[in-house]
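[1] when you get a sec, could you give me coordinates for this:
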Amino acid sequence: MKGSTAVAEILKREGIDFLIAYPINPIIEAAAQANIRTIIVRQERTGLHMADAVSRVTSGRRIGVFTMQHGPGSENAFGGVAQAYGESVPIVVLPAGYPRRQINIQPYFNSFLNYRNVTKWAEQVTCADAIPDALRRAFTQVKNGRPRPALVEIPVDVFPEEVPEPLTYRATFGTRTAPDPQAVTEAARVLVEAERPVIYAGQGVHYARAWQPLRKLAELLEAPVTTSLGGKSAFPEDHPLSLGSGGRSFPKTVHHFLQNGDVIFGIGCSFVTSHFAIPVPRNKVIIHATLDPSDLNNSVPVDYGLIGDAGLTLEALAGEVKDRLRGAPRGRRDQVAQEIKTVKAEWLAKWMPKLTSDAIPLSPYRVIWDLMHTVDRANTIITHDAGSPRDQLSPFWETVTPLSYIGWGKTTQLGYGLGLMMGAKLVAPEKLCMNVWGDAAIGMTGMDFETAVRERIPILSILFNNFSMAMELPVMPVSTEKYRSTDISGNYADMARAFGGYGERVTQPGEIIPAIKRAVQKTQEGVPALLEFITQKETESSLFR
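    As a prediction, this is how the structure comes out:
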């Protein structure tokens, strides 16, 4: 069995039924021969974003795999792997490598050496019979512990070599660890004794699929819940105890309860300091439950720590809390829910003029408001892009089901959202998958809308076109005035149609909802759709600092 054939067979045994790729790499042809669907993108970064979403939308139960050419392909792919590393996403990356006589000689690009700082695991195969062991290690790494990319570089002259038969490879598995029972008991005591506890849920709740244990604990404690961008949709945002999600911008409810809380319980989160994360007040008692010990006392000083799987942690805590409460909540819920409702109403009242604006050019907030009230949110997966679309969408979009929002912000590459929704649609074809982006982001990855058309991946792309890098206007006034440095342009609805998709430009407020309905219908017919909304140069976001 040739090395490339062995790789394809191992992928099949790991449950990989499609391989996202950019040529040339012998794995692509071997995968096709093994009846693994091969999906070819227009650039490597988008392919990695697609693989990223495969893992996220399935909570890591299915692993996204990407393969690319040695040299320039591996160089081009770096940003996509770095993004997955920053966002803690488990993907397997299989670059080809230069022939063994060249691979460790300058200036030839060596993925094993160059990717070590953006992967959890990286190794280089130097003989074909080592391929099964290397892939077993890679898949084991992405299924266990903190989720992050694993990379196996295979030199091109290894692929034709023979791998001994029979191939005895067995699919790898994931394991879970539970926190120290004494630490659980102590954390439960602190939470029950708290007067104004707040729960902060991160992406780890999604990977653990611990949505019900999270809700159970919140309802026992009668505690309000907020989430990170990565954790958004882990707790239903139409629940009376929901504060909404955080990021660079967030609802006033999040700010109010964090500032006025006495104990903050972080579950499945890193608490890392970021311009795109909720600022954690320093004068609070902090309980931090995380899978990765390196998160503890990293950015935020912690009073109590729990190390383990978010699901096992929440289940253990809920049991301890229930015992301490003697089986039932204490009757605080109505008061807490009313406070949330009052603060939220005040905040929305301030924003309602933008959310319902009839202005021309369109308010991006009006587009978001109409979009949220038009689509079936329970059967939708949505993501923002970097910059203004993230800050405009995430505070106001209310999620009602788990994994219906892919949030991100540890690193913020423009154009990430398109590939995310293409990958999401591959593993959740029954869902409406939408990315919301701007005219800067589409300049980075827009060519891959053609991939969506060619590969029959019917996503809905919502584009805000204000012919400007609006977020940069306040920090680039001189270069804008002198040289128009923040100006950009394009007719992206025409582009979508040229690629064979559905494209429509919307300029009137009364056309927003009809256009959305037409585009959704097109996706149901199997056609990718792009709606280009001509919007204002909006620079205001829901900020609290």
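
[2] now the element after the longest helix seen in the chain, going C-ward?
    Among the elements of the chain assigned as helix by DSSP state H, the one spanning the most residues is helix 333-355. Following helix 333-355 in sequence order, the next helix or strand is helix 364-372 (DSSP states H and E).

[3] before we move on, back to that, which other helices and strands does the longest helix of the chain contact?
    strand 242-245, helix 252-260, helix 364-372 (3 or more CB pairs under 8 Å, 6 or more residues apart in numbering; DSSP states H and E). To be clear about C-beta, it is placed using only N, CA and C from the backbone, and glycine gets the same treatment.

[4] tell me which of these is the most buried.
    Among these, strand 242-245 has the highest mean neighbour count (mean count of other CB atoms under 10 Å), at a mean of 26.

[5] contacts for that strand, please.
    With contact meaning CB atoms under 8 Å, 6 or more residues apart in numbering, strand 242-245 is reached by 198, 224-229, 231-232, 235-237, 250-251, 253-254, 257, 340, 344, 394-395, 398-399, 405, 407.

[6] all helices in the stretch 201-350 of the chain, in order from the N-terminus.
    Remark: helices assigned in the stretch 201-350 of the chain by DSSP state H, counting those that start in this stretch are 204-208, 211-221, 252-260, 310-324, 333-355.

[7] of all the ones you listed, which one comes closest to residue 180?
    helix 310-324 (9.8 Å; CB to CB).

[8] surely residue 520 is in contact with residue 462?
    No - judged on CB atoms under 8 Å, residue 520 makes no contact with residue 462 at a distance of 11.1 Å.

[9] so what touches stretch 483-494?
    439-440, 442-443, 446, 463, 465, 467-470, 472-473, 476, 479-480, 503-505, 530-532.

[10] for that stretch, how far is the first residue from the last?
    End-to-end span of stretch 483-494 (CA to CA, to the nearest Å): 27 Å.

[11] if you count neighbours, what's buried in it?
    Within stretch 483-494, the residues that count as buried by 16 or more other CB atoms under 10 Å are 486, 488, 492-493.

[12] coming back round to it: include distance to residue 20 when you put the helices of the stretch 201-350 of the chain into CSV, please.
    Shown next, in CSV, are the helices of the stretch 201-350 of the chain (distance: least, CB to CB, whole Å):
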stretch, distance to residue 20
helix 204-208, 21
helix 211-221, 28
helix 252-260, 35
helix 310-324, 28
helix 333-355, 37
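
[13] let me see the domain layout of the protein.
    3-155, 181-340, 356-534 (automatic domain parsing).

[14] of all the ones you listed, which lies closest to residue 350?
    Across those, closest to residue 350 is domain 181-340 (CB to CB), at 8.3 Å.

[15] if you average pLDDT over the closest one, what comes out?
    Confidence over domain 181-340 (mean pLDDT, whole number) is 97.

[16] one more: stretch 343-352?
    For stretch 343-352, the per-residue pLDDT averages 98.

[17] could you do stretch 65-85 as well?
    98.

[18] list the buried residues of that stretch.
    65-71, 73-85.

[19] to what extent is the nearest residue to residue 508 once chain neighbours are set aside buried, counted in neighbours?
    Excluding its sequence neighbours, the residue lying closest to residue 508 (CB to CB, 6 or more residues apart in numbering) is residue 360, at 6.9 Å. Each residue near residue 360 was counted by other CB atoms under 10 Å, and the total is 12.

[20] neighbour count: residue 520 and residue 462, which is higher?
    The neighbour count for residue 520 versus residue 462, taken as other CB under 10 Å, is higher for residue 462 (25 against 19).

[21] so that one bridges to which residues?
    On the basis of DSSP bridges, residue 462 is bridged to residue 436, residue 531.

[22] and it, how far is that from residue 331?
    Separation of residue 462 from residue 331 (CB to CB, to the nearest Å) stands at 43 Å.

[23] out of the domains of the chain, nearest to residue 162?
    Comparing the domains of the chain by CB to CB, domain 3-155 comes nearest, at 6.1 Å.

[24] measure that closest one end to end?
    10 Å.

[25] now that domain, how far from the centre of its chain.
    In this view, domain 3-155 has its centroid 19 Å away from the chain centroid, taken as CA atoms, centre = their mean, to the nearest Å.

[26] give the buried residues for stretch 89-108.
    89-98, 103.

[27] and what of stretch 313-328?
    Those would be 313-322, for stretch 313-328 by 16+ other CB under 10 Å.

[28] count of residues packed around residue 1?
    For residue 1, using other CB under 10 Å, the count is 16.

[29] whoops, I mixed them up, residue 424
    29.

[30] mind pulling up the pLDDT for it?
    According to the prediction, residue 424 has pLDDT 98.

[31] likewise for the one 10 residues further on?
    At residue 434, the model reports a pLDDT of 98.

[32] now do residue 123
    So, for residue 123, pLDDT stands at 98.

[33] wait, it sits on residue 152?
    Yes - Residue 123 lies in contact with residue 152 (CB under 8 Å); the separation is 5.9 Å.

[34] need the overlap of contacts for these two.
    134, 138.

[35] what about these two, which has more around it?
    residue 152 (26 against 20).

[36] which SS class is the more buried one?
    Assigned with DSSP: H, G, I helix; E, B strand; the rest coil, residue 152 falls in the strand class.

[37] which non-adjacent residue is nearest residue 79?
    Nearest non-adjacent residue to residue 79 (CB to CB, 6+ apart): residue 45, at 5.1 Å.

[38] helix or strand right after the one helix or strand the one you found maps to?
    Element membership for residue 45 (DSSP H and E) is helix 44-57. Heading C-terminal from helix 44-57, the first helix or strand you meet, by DSSP H and E, is strand 64-68.

[39] which residues sit against the next helix or strand after that following strand?
    The helix or strand immediately downstream of strand 64-68 is helix 72-86, counting by DSSP H and E. Residues from elsewhere that reach helix 72-86 (CB under 8 Å, 6+ apart): 22, 25, 43-49, 51-52, 66, 68, 91, 93, 95-96, 109, 111, 114-115, 118-120, 148-149, 151, 153, 408, 410-411, 413, 416, 419.
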